[in-house]
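In: Here's my sequence, what's the structure:
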Amino acid sequence: MRGRKHIQALIGATLLAGIALPSMADEIVIATTGGLMRNVLEEQMYIPFKEKTGTEVIPFDIEVPDQWARAEGMVRTGNVEFDIVTATGPDLVDKADILLDIPCDKLENVVKEALPGACQPKGVARTTGGMVLTYNAEVFKDKQPASWADFWDVENFPGPRGLPDTGDRDWWLPAIALVADGVPKDQLFPMDIDRAYKKLDEIRPHIAVWWKTGNQVQQIMRDNEVVMTMSYSGRSLATIKDGAPFAMAWDGAIRDTGYFAILKNSPNPEGALAFIDFFYGNSEGHPTFISTVGYATSSKSGLAQLPEEEQKLYATYAPNYELLVDPDFKWIGENRDMLRERWTNWLAQ
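Out: Next up is the predicted model:
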């Protein structure tokens, strides 16, 4: 059996040279980000999976945009090296033609353990967070903001705000603007874009920081540049654990899920499906994974092993999960050019 470093080096070389590697049933290659995520997955999932099945997981460290560029090139040449790739919700729509169909009803542990909506036709949820309202609990001691309507209420909740100018802000922000304007979460799509931007016009003068990275949103909270902001829930949680006096309000947070997806014609699709099902069945690995990466899995029994006060900090805690906006990625994908153009023009005004 080949070592991981050797396999990664060989994959990198063959991607450039266009040389096919042989398919090996005792290995699967998973493309995902490196660092903490890779290390914890390896400890809590990859190694136990090999111990149980004999199939080794070869991690391939790569950022998601680069991953798709590689994957699309592999599919074009018929030289597919990745088994599992990391996908966002929009990716499941945009890249559907190169992704394997997921037999959700045939994955025993997924059927038993997964939260509603976790298994999609082209991917299965790995981690779920939310684009969540995060506020300074010391500033708002007597009455706390609880919704996007409160984010817009600068009279009762005064102070500088933060919003993202990164990621999917071209539909995140119209979505929360409509929620703040009273549109029910289950009636957001198709979005009334004119109404959304009229509402965004109201809050714009109160935005002190248009943040661009996860590190920046944490920093503006630590430095008290804002009293409330939209933030990745994992970044908010990390800031809170570091001692910053912030708290999260989940009502109307936008569900933000990273998925396991399988490339068509991958070397070992059966092994890939077996790993995904194992991920949901290996409930003892989930508490450490969740606590370490700051994002919850969609395993019901996995999250339940944490103390309830800690469960409340995650998107998949049942009372939080019910409050999340469930995006219509088909509509978003079909309207992506319009959404981006509208956002770019509005921000440039």
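In: quick check: domain ranges of the chain?
Out: Domain assignment of the chain by automatic domain parsing yields the ranges 4-127+257-321, 130-255+327-348.
In: can I get the ones you listed in a markdown table with mean pLDDT?
Out: Shown next, in a markdown table, are those (pLDDT from 0 to 100):
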| stretch | mean pLDDT |
| --- | --- |
| domain 4-127+257-321 | 89 |
| domain 130-255+327-348 | 96 |
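In: Let me have those in a markdown table, extended by mean neighbour count.
Out: Using the backbone N, CA and C atoms, a C-beta is placed for each residue, glycine as well. Formatted as a markdown table, these follow (neighbours: other CB atoms under 10 Å):
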| stretch | mean neighbour count |
| --- | --- |
| domain 4-127+257-321 | 18 |
| domain 130-255+327-348 | 18 |
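In: Unless I misread the structure, Ile30 falls within a helix.
Out: No. Counting by DSSP: H, G, I helix; E, B strand; the rest coil, Ile30 is located in no helix; its state is strand.
In: So in terms of bridging, what pairs with it?
Out: Under DSSP bridges, the beta-bridge partners of Ile30 are Pro59, Ile84.
In: shouldn't it be in contact with Pro59?
Out: Yes. In this structure Ile30 lies within contact range of Pro59 using CB atoms under 8 Å: 5.8 Å.
In: between the two, what contacts are shared?
Out: Residues touching both Ile30 and Pro59 (CB atoms under 8 Å, 6 or more residues apart in numbering) are 41, 46.
In: how long is stretch 314-329 from one end to the other?
Out: End-to-end span of stretch 314-329 (CA to CA, to the nearest Å): 22 Å.
In: so where do the helices sit in the stretch 1-150 of the chain?
Out: With helices called from DSSP state H, counting those that start in this stretch, the stretch 1-150 of the chain shows them at 4-17, 35-41, 47-53, 64-77, 89-94, 108-113, 148-152.
In: Distance-wise, check Leu200 relative to Gly35.
Out: 34 Å (CB to CB, to the nearest Å).
In: mind listing the helices in the stretch 151-300 of the chain by residue range?
Out: Using DSSP H, counting those that start in this stretch, helices in the stretch 151-300 of the chain cover 169-180, 193-203, 214-222, 233-241, 269-281, 286-293, 300-304.
In: Reformat those into CSV and put distance to Thr127 next to each item.
Out: Output for those, formatted as CSV (distance: least, CB to CB, whole Å):
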stretch, distance to Thr127
helix 169-180, 18
helix 193-203, 28
helix 214-222, 14
helix 233-241, 8
helix 269-281, 11
helix 286-293, 7
helix 300-304, 11
